[in-house]
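Chemist: Quick one: sequence and predicted model below, then my questions.
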Amino acid sequence: MLHFTEILITGLLVGGIYACIALGWAIIFKTSGVINLATGELTMIGAYTCFALYTMGLPIYVAVLGMLAIALGCGVLTERLWLRPMIGEPVLSVIMVTVGISFAYKAIVCLIWGADTRVFEPRIFPMESLMLGPIHISQVFLYSFIVAGIMMAILIYFFQRTRMGLAMQATADDEMAARSMGIPASSVYRWTWVIAFMACGMAGALLGNINGLNVSIGYMGLLVLPAVVIGGMNSIPGAVAGGLIIGVLENMGDAYISGFFPGGVKTTFPFIVMLIIMLWKPYGLWGWIKIERM
Amino acid sequence: MQLPTGTHFDSYTADHAWWQTKFVWFRMLLLLFVLLWVIPTFVGDYWLSFLNMVGYTILAAAGVQLLIGYTGLITLGHAAPIGFGAFACALSMYLLDVPYLLAFVIGMVAAGLLSVLFGLPCARVKGFYLIMTTMAMQFITVDIILTQFLGPLAGKGRGGVLAIEPEMFNIGPWIIYSVKDAYIWMIILCVIVMVFMANLMRTRVGRAWMAIRDNDIAAEALGVNIFYFKLLAFFVAGALGGLAGCYWLTNLTIVSPEHFTFGWSLWLVGVILIGGVGSMYGHIYGALFLTGVLELVKFALIPLAGIFPEAMEKFLYIKDLVFGLAIILFLIFEPKGISYRWWQIKNYIHLWPFSY
């Protein structure tokens, strides 16, 4: 039971970081309907720029701020260069543009930093685990969860309270109506990409700090898809919940099920659960059921 | 369709023929002659293996073209049936000593059934959720079934790599041994697949698929059993993928789960997008273009390697960069693909001197 609790808590803490990425994905989808397969590369870019600034000797706060500034620039550029011309194109084209973005950005990151694993030196968070009664909690995970939580809180505040956030919600609801009320839809799309870049970059920096940085951080971009499917694609709280669920599932699968298989369970278990949930509740736990008319 | 002045047909059969005039017949037979005799006789082994890669891409993309271009079911996991077919073929040859042609059929059927299994959720979901199912197919099949279960059957500690002796690939007395043999086998398979797909699209099944692609609710209202036809599309596309996998086995004589990554699935979708979605020749142009461009990049990097020694090591990343940019730029500037451009050029020539 103790073991179980530990796994659950670790899963939730890691899930907080996934939730941050899922939030970035869901904001883009909800507002502009773009299914973004390049999320992993947004994560990678954030992680590597933060790493580069940190190894230049800047304090971590400055490094994170610099990373957010770079993310802002990248978000504006990505949206303007590649996504703006695709407004109104078929779904497959838009998806494949994000696939193209993911290939290109991953290649650029690899060309600049190489494919070797890098480590944040000196460590930002202490490595020792914290004792909470009899339960071990890794401090890295705990602080990462807190940082990711703060990031998400800021983004959700932005989304629900500020003028631009409300404009985003209006655009998500009905683009035509929003445009006729004077909301500049293209600037809304630009800001969604900026937010996605920032959220993913933050999560990437945290993940890189936990396990070391390498290309496999881009895999997070795929893991986020089961999270949003489980949560329901149109729902921001659903995305956060989905991220937490995926974190728990991944750790549970690793701890309890991988003994029965030769291997490879940890990475595929979220997808298997997602398939089962899709058969039972195709629109996720909090998603809208889409009714189609001819 | 432009026809020379004075050409007319007396029967619907003649009117609907693929090759309507003697000139087109002559052109196509010339093409076949070039493909089957001139190229294998005069082209060196390096370029033949390059063409084999193109042919493998064409065969692999045929199933993707069928699913995305004709049925409108977006798949991002087509490498899974390809790999499953290749492993089924290799294992039945390796463990059961099945002759190659029979193993070929086994591979195709196995891949088709796998594809149907993961296509089952299409009864309830579509669009993005179906994309997720195909991605799940990719990860579950390649990362678990192939790597952990089917690969080790060949013996422990080989990392899931299966090697088959080249002598075992025989069709009757013909042993597919050299690059040239693999090339000829590739041409035969490509022609068969082309003829099969082109004719399938003109039957009830093909028209039902296109109706589903254009509007599935309307198709259902008109009496098309969309669940059955979607599953049929998954089966046929999976079987074509299995065919490509079995060909890959002859080409390389080894097969490993690493040949069927998620990146390869995306690559295949890129091939049909660049070539032209829903076009009969789209995946051929796309495969030629993408594989050719990579070859050009490779040759461009060789002189650079003298100046920057790391240029060759980074070839893999440059390849990805080129692929990504090619997809993006094609989708932005030529969304209909190369086949549409080719059609425009042909029209221009046909209408000359009054082309506009």
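Modeler: Yep, that arrived.
Chemist: Residue A:271 - how many residues pack around it?
Modeler: 23 (other Cβ atoms under 10 Å in any protein chain shown). Using the backbone N, CA and C atoms, a C-beta is placed for each residue, glycine as well.
Chemist: just the strands in the stretch 51-200 of chain A please.
Modeler: A:129-132, A:135-138 (DSSP state E, counting those that start in this stretch).
Chemist: Of those strands, flag the one that's most buried.
Modeler: strand A:135-138 (a mean of 16; mean count of other Cβ atoms under 10 Å in any protein chain shown).
Chemist: which other helices and strands contact it?
Modeler: Secondary-structure packing of strand A:135-138 (3 or more Cβ pairs under 8 Å, 6 or more residues apart in numbering or on different chains; DSSP states H and E): helix A:2-32, strand A:129-132.
Chemist: sorry, back to before: mean pLDDT lowest for which of the strands of the stretch 51-200 of chain A?
Modeler: When the strands of the stretch 51-200 of chain A are compared by mean pLDDT, strand A:129-132 comes last with a mean of 75.
Chemist: What pairs with the helix or strand of chain A with the lowest mean pLDDT, parallel or antiparallel?
Modeler: Counting by mean pLDDT, DSSP states H and E, the weakest-scoring helix or strand in chain A turns out to be strand A:129-132, with a mean of 75. The strands beside strand A:129-132 in its sheet (DSSP bridges) come out as strand A:135-138 (antiparallel).
Chemist: So what's the gap between the strand it pairs with and the chain middle?
Modeler: Distance of strand A:135-138 from its chain centroid, counting by Cα atoms, centre = their mean, to the nearest Å, is 25 Å.
Chemist: What of stretch A:16-36?
Modeler: With Cα atoms, centre = their mean, you get 7 Å for stretch A:16-36.
Chemist: Does the least confident helix or strand in chain B by mean pLDDT pack against any helices or strands, and if so which?
Modeler: The weakest-scoring helix or strand in chain B, judged by mean pLDDT, DSSP H and E, is strand B:162-163 (a mean of 78). Secondary structure elements in contact with strand B:162-163, counted by 3+ Cβ pairs under 8 Å, 6+ apart, are helix B:79-96, strand B:254-255.
Chemist: Pick the most buried one from the ones you listed.
Modeler: helix B:79-96 (a mean of 27).
Chemist: for the helix or strand following that helix, what is the average pLDDT?
Modeler: Counting by DSSP states H and E, the next helix or strand C-terminal to helix B:79-96 is helix B:100-119. Across helix B:100-119, the average pLDDT comes to 94.
Chemist: on that earlier part again, I'd like the helices and strands packed on strand B:162-163 laid out as a markdown table, including distance to chain A.
Modeler: As requested, those are exported to a markdown table (distance: least, Cβ to the nearest Cβ, whole Å):
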| stretch | distance to chain A |
| --- | --- |
| helix B:79-96 | 12 |
| strand B:254-255 | 18 |
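Chemist: Reformat the ones you listed as JSON lines; add mean pLDDT.
Modeler: What follows is those, written out as JSON lines (pLDDT from 0 to 100):
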{"stretch": "helix B:79-96", "mean pLDDT": "91"}
{"stretch": "strand B:254-255", "mean pLDDT": "85"}
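Chemist: Enumerate every residue touching residue B:115.
Modeler: Taking Cβ atoms under 8 Å, 6 or more residues apart in numbering or on different chains as the criterion, residue B:115 is in contact with B:80-81, B:137, B:234-235, B:237-239, B:241.
Chemist: Which among those residues count as buried?
Modeler: Burial by neighbour count, 16 or more other Cβ atoms under 10 Å in any protein chain shown: within the contacts of residue B:115 this picks out B:80-81, B:137, B:234-235, B:237-239, B:241.
Chemist: Keep only those of these that are in helices.
Modeler: B:80-81, B:137, B:234-235, B:237-239, B:241 (DSSP state H).
Chemist: farthest-separated two in these?
Modeler: B:137 and B:239 (14.9 Å; Cβ to Cβ).
Chemist: Kindly tell me how buried residue B:277 is, as a neighbour count.
Modeler: 27.
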